[in-house]
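Asker: sequence plus predicted model, see below.
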Amino acid sequence: MVIFPMYAWDHIQTHRNHLQHVSWISSSGVLQLFSGLGLIGSGIVLLLYGSNKLMLSTEVHFILTFVLTGSLIAHFLIKK
């Protein structure tokens, strides 16, 4: 999961000229970046404190996993 935000940032830098206009494909890419960063943040919290004590962080991590998966699928299915 750590690779997705780095890949998304590199992808943004590479295709910067296509991102001047807001589109569904750019929105799904931005969603990938932020959900990946959220997964890293919540994963670090879960690693440090454990999932038994912090139910909110566990639920956020669980939901962001599906958000990232959905945005990846959408990114490949949206016509460019």
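Answerer: Alright, I've got the coordinates.
Asker: read off the pLDDT value for F4.
Answerer: With respect to pLDDT, F4 has a value of 66.
Asker: longest helix of the protein?
Answerer: The longest helix of the chain (DSSP state H) is helix 24-49.
Asker: for that one, name the packing helices and strands.
Answerer: If contacts are counted by 3 or more C-beta pairs under 8 Å, 6 or more residues apart in numbering; DSSP states H and E, helix 24-49 sits against helix 3-14, helix 55-77. Yep, even glycine has a C-beta here, placed from its N, CA and C like the rest.
Asker: mean neighbour count added to those, as CSV?
Answerer: Listed next are the helices and strands packed on helix 24-49 as CSV, based on neighbours: other C-beta atoms under 10 Å:
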stretch, mean neighbour count
helix 3-14, 14
helix 55-77, 15
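Asker: worst average pLDDT in the ones you listed?
Answerer: Minimum mean pLDDT among the helices and strands packed on helix 24-49: helix 3-14, a mean of 72.
Asker: next, work out how far apart the closest residue in space to A8 that isn't next to it in sequence and L54 are.
Answerer: In space, and not counting its chain neighbours, A8 is closest to L33: 3.9 Å by C-beta to C-beta, 6 or more residues apart in numbering. The spacing between L33 and L54, counted by C-beta to C-beta, to the nearest Å, is 24 Å.
Asker: the more surrounded of these two?
Answerer: L33 (19 against 16; other C-beta atoms under 10 Å).
Asker: let's see the pLDDT reported for that one.
Answerer: pLDDT at L33 comes out at 82.
Asker: that older thread, any chance of the helices and strands packed on helix 24-49 in a markdown table, plus distance to S23?
Answerer: Putting those into a markdown table (distance: least, C-beta to C-beta, whole Å) gives the following:
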| stretch | distance to S23 |
| --- | --- |
| helix 3-14 | 13 |
| helix 55-77 | 11 |
